[in-house]
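# Would you be able to build a 3D model of this:
(chains A and B)
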Amino acid sequence: MLLYLVRRVLYAIPIALAVGLVCFMLVQIAPGDPINAIVPADAPQEVVEQVRRDYGLDKPLPIQFGLWISRVVQGDLGRSLATGRPVTADLVSAIGNTLMLALVAAGIGFVMGSILGTIAAVFRGSLLDKAAVGFAAAGVSIPHYWLGMVLVVLFSVTLNWLPAMGAGPGGSGSWAWDWEHVKFLILPAVTLSVIPMGIITRTVRGVVMELLNQDFVTTLRGKGLRRGGIALHVVKNAAPSVLAVMGLQLGYLMGGSILVETVFSWPGTGFLLNSAIFQRDLPVLQGTILVLAIFFVVLNLAVDLIQTALDPRIRRA
Amino acid sequence: MSTTIASPPAAIAVPQPAPSRSRGYWQGVARRLSRDPVTLFFGAILLLMALAILFAPLLAPHDPYQTSMIRRLRPIWFQDGRYPLGTDELGRDMLTRLLHGGRLSWFLGITPVLIAFAIGGTLGVIAGFAGGWVNMMIMRTTDVFYAFPSVLLAVAISGALGPGISNAMLSLTLVFIPQIIRVAESTTTSVRNLDYVESARASGAGALTIVRVHVLPNVLGPIFVYATSLISVSMILASGLSFLGLGTKPPEPEWGLMLNTLRTAIYTQPFIAMLPGLCIFATSMCFNMVSDGLRSAMDVRA
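Coordinates of the predicted model:
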C-alpha cells in the first residue's frame, strides 16, 4: 500500500511539470513577442530590454522554462498587464469563489444524480427509468451557458425571485452564508450542476444495475435481508467508482465554470479568464490556467488514493 | 492426387471470410437501428436540420447581414410572418440568421472531431499495435493533455492564440485527439492479443497486413462510435468559444455568437434571445441520442 502510494505520488510530479510546460508554451504560441506578456506594449524600449534581461528572455527556451518554473514554485505568477497587480493576489479570491460554486454544484449534481440513477436502476425498463435516462441525456447535451440564461429569464426577469448576476449585494464583497448572499449562488450552482447530474445518473444507474444482478445480492435476499439491508451492501460496493467519477467531475466543474461564470458575472476564475482573454492579459490567462490544471492533477491523485483506500481490489501498479 | 498437392498453400493462406461476415454484421446493425424508434426519431430531426442549413440560402427569407435600425428586436411573427421568428438586436431576420448560423456552428462542431478521429485514431492504433516504447511515448503525452479539463484546455489554447475560427477549431482538435487516442489504443490492445491475430502472425502475415485485415475492421467501429459521441460535446464547446468571443467574429452568423450578442435582449425579447441556444441544444441532444443508438446497435461496450 505504501509503495503504491509513493509510486502514485511520484508519477504525479512529471505530469505536473508537463502541465507547467504546456502553460509555459501558451505564451510562446501566442502571436507576438512573449515579452508582450510581461510588459505593456507601449513601454519604452529601454524598459523592454531591461525586463528581457531580468526575466532571462534572451536565453534559450529550456532555460527560460526553468527560470519560469522556479518563479512559479515561489508563488510568483507575474503581474497583470491590465491592472499591474500580482496575478497570485487576484487568483486567491477568484479560486475561492469558483471552488465554492463548484462544490455546491457538485453537491447538487451528486445528490440528484444518485437518487435518479438508483431509481432508474431499481425500476429498470419502467417509465421512471426512461425519464431518468432522458433527463440525464438532456443534462449532458444542454449548453449550460444557455441554460443559465433560460433560468435568468424565468427566475430573475419573469418571477423576480433571484438575482441575475453577481455574488452578493453591492458587488463581490465579503461572502456570508445568509439568504442575502446564498440567493446569488442558487442560479449559477443549479446551472452548473446539470452536467455532473447527468453523468452521475448514468454512472449510478449502470453500477447499481450490475450490482443488483450479482450473486451476493441474491444470497442476501435468500438470507431474508430486507430492502434497507440490501441497499446498504449495494451502496458500499458502488461507492468507490461513483466517488471517483464525482471527484473528476468536480475538477471539470472548476475548469468548465468559465462559461457559467461569464453568464452570471460570478467573480471566480472563469470571470478572471474571460477578462484576461478580452484584454489579452497573458500573465493572468497563463497563471489561472496553470493553477486550475494543477488543482485538477492533485484532485486526480486524491481520487485515485481515496478509491484505492476504499477498494483495495483496484490497486494498480 | 496430383491436384491436391499442387494447390494447398494459396488456398490456405487466403481464407477470406471477412467480406461476407462483415456484411452480415452491418446488416445486423441496420436491422437493430430500424427497430429503434428513438434513434430513428432523433436521426430524422438531424437530417432535417442538416438539409435546412445546407439549403439555407434558398430557404432563408432575408439577407443574414441586412441590418435595420427601425426593426430592432421585433417579436415573433412580426409583420404577419414576414419575419417569422422576429428580428435580432440589429434588426436582422432571426430565421435567416439561425439557418445561416447553423452552417458555421455545425462546421465548427463537426470538423474538429473528424480531424481528431483521423489523427487520434491513427496514433492510437499505432500505440496499441506497436506496444513497447512507442506506446509509452504516445500514451504519456496524452496523459499530459488529460491533466486538463477539456473546457479549460480549449479556452487556454484559443485564448492564447487569439480569436478566430481556425484557432477555435485547432484548439478543439487538440482537445479531442488525446481522448480518441485513448479509446483507439485500448481497443487495439485488446484486439492485438486475440487468437486470430496471433494465428495470422504465426502464419507469417506482415504487420501492415495484420493491421489492415484484422485490426482496423475490428477497431474502427468502436472508435467511430466514440467519435460520434464527441460531436455533441464539440458543438457545445465550439459555440461556447464563440460565446466567449473566441470563435467567430461579428457580423458572421453563428449560434454561440448570436446567443452572446442577444444577451442584452433577455429583458425585452427573452424568447428570441433564447432561440440560438435552443438550436445548439437540439443539435447536441440529437447527436448524443443518435450516437447512443449507434453504440447499442453496433454492440460497442464502454
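# after the host helix or strand of A:Met254 comes which helix or strand?
Using DSSP states H and E, the element containing A:Met254 is helix A:227-256. Downstream of helix A:227-256, the first helix or strand assigned by DSSP H and E is helix A:258-264.
# Which strands or helices does that next one pack on?
helix A:87-122, helix A:144-151, helix A:179-212, helix A:269-279, helix B:150-161, helix B:216-243 (3 or more C-beta pairs under 8 Å, 6 or more residues apart in numbering or on different chains; DSSP states H and E). Any C-beta I mention is one placed from the backbone N, CA and C, and that applies to glycine too.
# how about 10 Å then?
On a contact count with 3 or more C-beta pairs under 10 Å, 6 or more residues apart in numbering or on different chains; DSSP states H and E, helix A:258-264 meets helix A:87-122, helix A:144-151, helix A:179-212, helix A:269-279, helix B:150-161, helix B:216-243, helix B:255-261.
# Give me whichever of these is most buried.
helix B:255-261 (a mean of 27; mean count of other C-beta atoms under 10 Å in any protein chain shown).
# got the buried residues for the helix or strand following it?
Next helix or strand after helix B:255-261 toward the C-terminus (DSSP H and E): helix B:270-297. For helix B:270-297, burial by neighbour count (16 or more other C-beta atoms under 10 Å in any protein chain shown) applies to B:270, B:272-281, B:283-295, B:297.
# picking that back up, of all the helices and strands packed on helix A:258-264, which one is nearest B:Ala60?
Smallest distance to B:Ala60 across the helices and strands packed on helix A:258-264 (C-beta to C-beta): 14.3 Å, for helix B:255-261.
# Need the helices and strands packed on helix A:258-264 in JSON lines (columns: distance to B:Glu89 and mean pLDDT).
Below are those laid out as JSON lines (distance: least, C-beta to C-beta, whole Å; pLDDT from 0 to 100):
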{"stretch": "helix A:87-122", "distance to B:Glu89": "29", "mean pLDDT": "90"}
{"stretch": "helix A:144-151", "distance to B:Glu89": "14", "mean pLDDT": "90"}
{"stretch": "helix A:179-212", "distance to B:Glu89": "23", "mean pLDDT": "87"}
{"stretch": "helix A:269-279", "distance to B:Glu89": "19", "mean pLDDT": "86"}
{"stretch": "helix B:150-161", "distance to B:Glu89": "25", "mean pLDDT": "90"}
{"stretch": "helix B:216-243", "distance to B:Glu89": "15", "mean pLDDT": "91"}
{"stretch": "helix B:255-261", "distance to B:Glu89": "6", "mean pLDDT": "89"}
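# Can you tell me which of these is nearest to B:Tyr65?
helix B:255-261 (13.0 Å).
# What is the end-to-end distance of stretch A:28-46?
The first and final residues of stretch A:28-46 sit 22 Å from each other (C-alpha to C-alpha, to the nearest Å).
# could the helices and strands packed on helix A:258-264 be laid out in a markdown table, adding distance to A:Leu61?
Output for the helices and strands packed on helix A:258-264, formatted as a markdown table (distance: least, C-beta to C-beta, whole Å):
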| stretch | distance to A:Leu61 |
| --- | --- |
| helix A:87-122 | 22 |
| helix A:144-151 | 36 |
| helix A:179-212 | 37 |
| helix A:269-279 | 23 |
| helix B:150-161 | 16 |
| helix B:216-243 | 28 |
| helix B:255-261 | 35 |
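# so which of those gets nearest A:Val297?
helix B:150-161 (12.0 Å).
# helix or strand right after that closest one?
That would be, after helix B:150-161 and using DSSP H and E, helix B:165-192.
# Return the list of helices and strands in contact with whichever strand or helix holds B:Gly101.
Element membership for B:Gly101 (DSSP H and E) is helix B:94-130. Under the contact criterion of 3+ C-beta pairs under 10 Å, 6+ apart, helix B:94-130 touches helix B:37-54, helix B:56-59, helix B:132-146, helix B:165-192, helix B:216-243, helix B:255-261, helix B:270-297.
# out of the ones you listed, nearest to chain A?
Evaluated over these, closeness to chain A peaks at helix B:270-297, with 2.9 Å, by C-beta to the nearest C-beta.
# If we ignore the residues flanking it in sequence, what's nearest the residue positioned nearest the centre of chain B?
With distances taken as C-alpha atoms, centre = their mean, the residue of chain B nearest its centroid is B:Ile231 (3.1 Å). Of all residues beyond its chain neighbours, the one nearest B:Ile231 is B:Phe287 (4.6 Å), with distances taken as C-beta to C-beta, 6 or more residues apart in numbering or on different chains.
# check contacts around the residue in the stretch 51-200 of chain A that chain B sits nearest to.
Across the stretch 51-200 of chain A, the shortest distance to chain B (C-beta to the nearest C-beta) belongs to A:Trp146, at 2.9 Å. Counting by C-beta atoms under 10 Å, 6 or more residues apart in numbering or on different chains, A:Trp146 makes contact with A:191, A:259, A:263, B:236, B:239-240, B:243, B:255-256, B:259, B:273-274, B:276-281.
# List the buried residues in the helix holding A:Met254.
Buried, per 16+ other C-beta under 10 Å, within helix A:227-256: A:230, A:234, A:237-238, A:240-256.
# show me which of these neighbour chain B.
Subset of the buried residues of helix A:227-256 in contact with chain B: A:Leu248, A:Gln249, A:Gly251, A:Tyr252, A:Leu253, A:Met254, A:Gly255, A:Gly256, counting by C-beta under 10 Å from any C-beta of the partner chain.
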